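Q: Here you go, sequence then predicted model.
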Amino acid sequence: MSTTTTTEVGNAEIYSPLKVLQHPDFRILSSGEKPSPTANIAAFYNPAHEIHLVEKPRPTPGPGQVLLHVRATGICGSDVHFWQHGRIGDSMVVTDECGSGHESAGEVVEVGEGDRVAIEAGVPCSQPACDACRTGRYNACPDVVFFSTPPFHGTLTRWHLHPAQWLHRLPDNVSFEEGSLCEPLAVALAGIERSGLRLGDPVLICGAGPIGLISLLSARAAGAEPIVITDLFQSRLDFAKKLVPGVHTVLIKRGTTPKEQAQEIKAAAGGNGLKLALECTGVESSVHTAIHSMQFGAKVFIIGVGKNEQVFPFMHLSANEIDVSFQYRYANQYPKAIRLVAGGLIDIKPLVTHRFPLEDAVSAFHVAADPAQGAIKVQIQD
Ligand SMILES: NC(=O)c1ccc[n+]([C@@H]2O[C@H](COP(=O)([O-])OP(=O)(O)OC[C@H]3O[C@@H](n4cnc5c(N)ncnc54)[C@H](O)[C@@H]3O)[C@@H](O)[C@H]2O)c1
Ligand SMILES: OC[C@H](O)C(O)[C@@H](O)CO
Ligand SMILES: [Zn+2]
Ligand SMILES: [Zn+2]
């Protein structure tokens, strides 16, 4: 955003989680309690694997910041994971009450009032001495505040403070709902960009969850053909087929080996190995399936996150010059995401299957976490 001030703002200290938790007005709402419609309520998880509504103070903007009314927030698998498992890997651990949510769009209500914006979920330090920030790979910033990753609270709240320079104005034809989906879209677009996907490449997408489905839409927009997508659930593959009718689907059956699954994938693509896999599960057997589905010189690009230690078929990779690459969040993708949505090249609206008011955020989490509910993307809207 360019209309508001962009003075330097500190990072970790501004979003210090303790400041909120130790504030006299911070409290956990009792279940069934009806909060006031203007209270700054939020959904928090904690080390006891509880998820509850809290009330916290409405913050006041400092230099370079704006106050936002958060209007749409999607629940990401990582939010559910932090709630139910308390950690992702060794470095992201829930040790206290922590606010959820990082897929958000909102409206500026203090300083530059009225702008509708997508909220970039990670705020890096932006200091010239930081190599990651200076060179534009700010997803590697060691001092990033990534909302809803402990220790930082999330954007699933009513009133949220954000530095103006990490907001992205939404054109009139992009809704808050779509603005919120720009976060997972940024993940997928970072993968498309770094994977080097080219027009006409045969592409495999592993996993038809929100990230796999958004990667599917992005790969289609980028000109991949044919595209094969896998999942363990037929319902998710049916969803993928409705989203992109030309996609080939392969159901991964328990008891089959990655090599057998790869045969089926290659057959669905016309018989040959594919040129690129966008791996969106992080599951070891799925990574193996992707590797065995590739042609000589192909790339397996891993967006999914999974177990700390995984075994790879080393000699198959070596003898087939298959590259394996990874994606960690994203950098410089929001403006592109908004352009693609506004320009009609990527229609992400069908991803939202469930909508809840902020007061029912806890129920929203239970729906997002229960596969039987059939949700793809659950959003909280206010
Ligand atoms: N790299 C990043 O920065 C980044 C950012 C966001 C999400 N992620 C990760 O991306 C992954 C996907 O996210 P999501 O929100 O779509 O998750 P999700 O759990 O909703 O979807 C994963 C899908 O993979 C399917 N699946 C599981 N095992 C499979 C297998 N062996 N073969 C084929 N399909 C299989 C599941 O049925 C599910 O539909 C997660 O690991 C998530 O943590 C990574
Ligand atoms: O969308 C971004 C991801 O969910 C985050 O990287 C999370 O997985 C860990 O911080
Ligand atoms: Zn996420
Ligand atoms: Zn930095």
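A: Nice, thanks for sending it over. Ligands and ions are numbered 1, 2, ... in the order given.

Q: On the three-state scheme, residue 330 is what?
A: Three-state assignment for residue 330 (DSSP: H, G, I helix; E, B strand; the rest coil): coil.

Q: Now it: phi and psi?
A: Note on residue 330: backbone dihedrals following degrees, to the nearest 10 are phi -170, psi 160.

Q: for it, what are its contacts?
A: 139, 186-187, 189-190 (CB atoms under 8 Å, 6 or more residues apart in numbering). (Each C-beta comes from the backbone N, C-alpha and C, glycine too.)

Q: pLDDT value on it, please?
A: With respect to pLDDT, residue 330 has a value of 98.

Q: hey, where'd the strands end up in the stretch 101-250 of the chain?
A: 103-110, 116-119, 122-123, 145-146, 159-163, 167-169, 203-206, 227-231, 248-251 (DSSP state E, counting those that start in this stretch).

Q: So is the first one next to ligand 3?
A: Yep, that's strand 103-110 we're talking about. No. Strand 103-110 does not reach ligand 3 (CB under 5 Å from the ion); its nearest approach is 6.2 Å.

Q: do stretch 359-373 as well
A: No. Stretch 359-373 does not reach ligand 3 (CB under 5 Å from the ion); its nearest approach is 11.9 Å.

Q: Check whether that stretch comes near ligand 1.
A: No. Shown here: stretch 359-373 not in contact with ligand 1 (CB under 6 Å from any ligand atom), separated by at least 7.8 Å.

Q: Which of the strands of the stretch 101-250 of the chain sits closest to residue 353?
A: Among the strands of the stretch 101-250 of the chain, strand 103-110 comes nearest to residue 353, with 14.4 Å by CB to CB.

Q: Not counting that closest one itself, show me its contacts.
A: The contact list for strand 103-110, computed with CB under 8 Å, 6+ apart, reads 4, 60-61, 66-76, 114-119, 121, 147, 155-156, 159-160, 167, 170, 176-184.

Q: Dump the strands of the stretch 101-250 of the chain to a markdown table, plus mean pLDDT.
A: Converted to a markdown table, the strands of the stretch 101-250 of the chain look like this (pLDDT from 0 to 100):
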| stretch | mean pLDDT |
| --- | --- |
| strand 103-110 | 96 |
| strand 116-119 | 98 |
| strand 122-123 | 96 |
| strand 145-146 | 96 |
| strand 159-163 | 95 |
| strand 167-169 | 97 |
| strand 203-206 | 99 |
| strand 227-231 | 98 |
| strand 248-251 | 98 |
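
Q: Comparing these, which comes out most buried?
A: Of these, the one with the most neighbours on average (mean count of other CB atoms under 10 Å) is strand 203-206, at a mean of 31.

Q: what's the closest residue to residue 224 other than its chain neighbours in contact with, if anything?
A: Leaving aside its chain neighbours, residue 224 sits nearest to residue 203 (4.0 Å; criterion: CB to CB, 6 or more residues apart in numbering). Taking CB under 8 Å, 6+ apart, we find residue 203 in contact with 197, 219, 224, 226-228, 274-278.

Q: Next: residue 274.
A: By CB under 8 Å, 6+ apart, the contact set of residue 274 is 202-204, 228, 265-266, 293-295, 298.

Q: let's see it at 7 Å
A: 202-204, 293-295, 298 (CB atoms under 7 Å, 6 or more residues apart in numbering).

Q: any idea what sits nearest residue 373, other than its immediate chain neighbours?
A: residue 367 (4.7 Å).

Q: what's the neighbour count on the one you found?
A: Residues lying near residue 367 (other CB atoms under 10 Å) number 17.

Q: Tell me who's in contact with it.
A: Shown in contact with residue 367 (CB under 7 Å, 6+ apart): 354, 373, 375, 378.

Q: Please indicate which of these are buried?
A: 354, 375, 378 (16 or more other CB atoms under 10 Å).

Q: returning to what we had before: for residue 18, find the nearest of the strands of the stretch 101-250 of the chain.
A: With CB to CB as the criterion, residue 18 lies closest to strand 145-146 of the strands of the stretch 101-250 of the chain, at 13.7 Å.

Q: is that closest one anywhere near ligand 4?
A: No. On the criterion CB under 5 Å from the ion, strand 145-146 is out of touch with ligand 4, staying 10.5 Å away.

Q: where's that strand relative to the chain centroid, distance-wise?
A: 13 Å (CA atoms, centre = their mean, to the nearest Å).

Q: That one near ligand 2 at all?
A: Yes. Strand 145-146 lies within reach of ligand 2 by CB under 6 Å from any ligand atom, at residue 146.

Q: What of stretch 367-374?
A: No. Using CB under 6 Å from any ligand atom, stretch 367-374 stays clear of ligand 2, with a minimum separation of 13.0 Å.
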